[in-house]
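Visitor: Need coordinates for the below:
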Amino acid sequence: RADASAAQPPPSEASGGQIFDVVTSTLGGLMEPRPEDTFVLPDKRHQNYLNAVLSGLFTNNPGLVHLDMSDAGIVDGMVPRISDAIGKNSVIRSLSLATNDITHASISDFAAAIETNKSLRSIDLAENGIAKQGATALAAVLSSKMDLVGLDLSGNLIR
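Guide: Next up, the predicted model:
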């Protein structure tokens with residue numbers, strides 16, 4: 001796991017196409033193709049970082065093998081965008097979306113992305129607001145997804 005805590009925040013004037021370059025240079029090599037690294041957002045609630053990570057997912061950046069987006073303030077309205085990126089990615093192997101505000105309302109989008117993605121092996125959705133309906137949507141997809149070896153739904157509203 002790479003330590004991104006020493007990274008400096010991006011310049012506030014960064015925008016558009018510069019975001020990915022700013023994040024890449026700011027994180028000093030975390031975007032290089034090193035599978036032992038985990039890309040951790042230094043300020044997970046900063047929109048520029050979320051945009052850069054999504055850009056990396058959409059472009060199959062080889063440095064995004066393990067992605068930790070836990071406690072990033074992700075809400076249901078963001079899940080379709082994240083799901084779209086995950087569904088089109090062929091590099092990511094583990095994803096943590098733990099301790100966010102994801103509920104059963106958006107989990108069907110995420111379930112569809114999991115079904116499409118062929119590289120994802122481990123998913124952490126612990127400590128969200130996923131209820132029985134969301135677990136049922138995930139179970140429908142996961143029953144045929146034999147390459148997924150880890151799924152954490154602990155701390156959700158599944159009863």
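
Visitor: Let me see the contact set for Asp152.
Guide: By C-beta atoms under 8 Å, 6 or more residues apart in numbering, the contact set of Asp152 is Ala98, Ile123, Asp124, Leu125, Ala126. Placement of C-beta: from N, CA and C, glycine included.

Visitor: Where does the prediction get shaky in the chain?
Guide: Low-confidence segments of the chain, defined by pLDDT under 70: 1-46.

Visitor: can you give me the strands for it?
Guide: Along the chain, counting by DSSP state E, strands occupy 39-40, 66-68, 94-96, 122-124, 150-152.

Visitor: got those strands as a markdown table, with distance to Ser143 columns?
Guide: Below are those laid out as a markdown table (distance: least, C-beta to C-beta, whole Å):
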| stretch | distance to Ser143 |
| --- | --- |
| strand 39-40 | 30 |
| strand 66-68 | 25 |
| strand 94-96 | 20 |
| strand 122-124 | 15 |
| strand 150-152 | 12 |
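
Visitor: Could you point out which of these sits nearest Leu54?
Guide: Nearest to Leu54, of all those, is strand 66-68, at 10.4 Å by C-beta to C-beta.

Visitor: Give me the neighbour count for the closest residue in space to Ala105 that isn't next to it in sequence.
Guide: Excluding the flanking residues, the one nearest Ala105 by C-beta to C-beta, 6 or more residues apart in numbering is Asp76, at 5.0 Å. Neighbour count of Asp76, defined by other C-beta atoms under 10 Å: 17.

Visitor: Equivalent analysis for Gly134, please.
Guide: Gly134: 25 surrounding residues under other C-beta under 10 Å.

Visitor: looking at it, it is touching His104, isn't it?
Guide: Yes. The criterion here is C-beta atoms under 8 Å, and Gly134 meets it with His104 at 3.2 Å.

Visitor: in stretch 107-115, what's buried?
Guide: Within stretch 107-115, the residues that count as buried by 16 or more other C-beta atoms under 10 Å are Ile107, Ser108, Asp109, Phe110, Ala111, Ala112, Ala113, Ile114.

Visitor: Thanks a lot, catch you later.
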